[in-house]
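Q: sequence and predicted structure below; questions after.
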Amino acid sequence: MAHSAEYTRGPAGRVVDVIAFLIFGVALGLLVYRAVSGLVNLGTTAGVLLPLIAVPLSLLAADLISGVVHYLADNYGNEDTPIVGKRFCKPFREHHVNPKGITEHGFIEANANTCIVALPLVIVVALLGPYEGPWLTFLAVFVAFLSVAIIMTNEFHKWAHLENPPAIAKILQRWGIILAPDNHDVHHVAPYDTYYCVTTGWLNALFDRLGILKVEVPGDHRDAEILHAATAREAREIILKKMKEQSQAQGSDPA
Ligand SMILES: [Zn+2]
Ligand SMILES: [Zn+2]
């Protein structure tokens, strides 16, 4: 397999990633046990109703987090930025140059970064239990699904770029439960300034309308150079440079 020979983060990175997944698995197992125990103690009605509220809210929160992280990684810092540069800025920037590259990564490689982000949260909440009563049980269910949704975000993103995703992905995409290809396509169209949420994509249209997590790129977005920019930040820099050059070429300010 072509992708298994070259691990993006090298052999040491692969060991770190596998260990992160193993720790996550143990912590999530404990948290799920605590969540289920809490639900059983609540009785049938509350035990069924609580997940019906907690699970959609956890997916919404994961979508928001994915949007904030993606927006920051696309538009701030670079691959040399300490701590986050190599793990976040670099892959997001490379993804814009080669959107299909993500489809060549195996599960661990594609999802280790989000696993590392979710790890502290799931460990802390798992260890703080046991949980009793509606509010604390809600917290356990919410964090369990939030952490899984955060980890699966890059997988959902990857599925949105696959020509032929797994059957389960097609069903979830069709039902609007995870990021659909046509939703995410908007982010890959110049000037790449919007639709940063990549878990479910539920917030994208709303945020675009409200101008939240949106980069203002002035000028003509069909400009040939903008089409070749990788991110909104690059497109914005190109346009602002052009505007400056044009105003300099027109001579002194007539005003
Ligand atoms: Zn992006
Ligand atoms: Zn993408």
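A: Perfect, I can see it now. Numbers count the residues shown, from 1 in each chain. Ligands and ions are numbered 1, 2, ... in the order given.
Q: tell me where the stretch 151-255 of the chain has helices.
A: Applying DSSP state H, counting those that start in this stretch to the stretch 151-255 of the chain gives helices spanning 167-174, 181-185, 204-210, 224-228, 232-249.
Q: out of these, which gets the lowest mean score?
A: For these, mean pLDDT drops lowest on helix 224-228, to a mean of 77.
Q: for that one, output the C-alpha coordinates as CSV.
A: Output in CSV follows, covering the C-alpha atoms of helix 224-228 (Å, rounded to 0.1, in the frame of the first residue of the first chain):
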residue,chain,number,x,y,z
ALA,A,224,-7.0,34.3,-12.0
GLU,A,225,-4.5,34.8,-9.2
ILE,A,226,-7.1,34.3,-6.5
LEU,A,227,-8.1,31.0,-8.2
HIS,A,228,-4.5,29.8,-7.6
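Q: hang on, the earlier thing: make JSON lines out of the helices of the stretch 151-255 of the chain and add mean neighbour count and distance to residue 81.
A: C-beta coordinates here come from the backbone N, C-alpha and C atoms, glycine included. Conversion of these to JSON lines gives the following (neighbours: other C-beta atoms under 10 Å; distance: least, C-beta to C-beta, whole Å):
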{"stretch": "helix 167-174", "mean neighbour count": "14", "distance to residue 81": "32"}
{"stretch": "helix 181-185", "mean neighbour count": "16", "distance to residue 81": "25"}
{"stretch": "helix 204-210", "mean neighbour count": "15", "distance to residue 81": "24"}
{"stretch": "helix 224-228", "mean neighbour count": "13", "distance to residue 81": "24"}
{"stretch": "helix 232-249", "mean neighbour count": "15", "distance to residue 81": "13"}
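Q: want to throw the ones you listed into CSV with distance to residue 107?
A: Shown next, in CSV, are those (distance: least, C-beta to C-beta, whole Å):
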stretch, distance to residue 107
helix 167-174, 13
helix 181-185, 19
helix 204-210, 25
helix 224-228, 32
helix 232-249, 29
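Q: how about the ones you listed, which one is nearest residue 113?
A: Distance to residue 113, taken as C-beta to C-beta, is lowest for helix 181-185 among these, at 18.1 Å.
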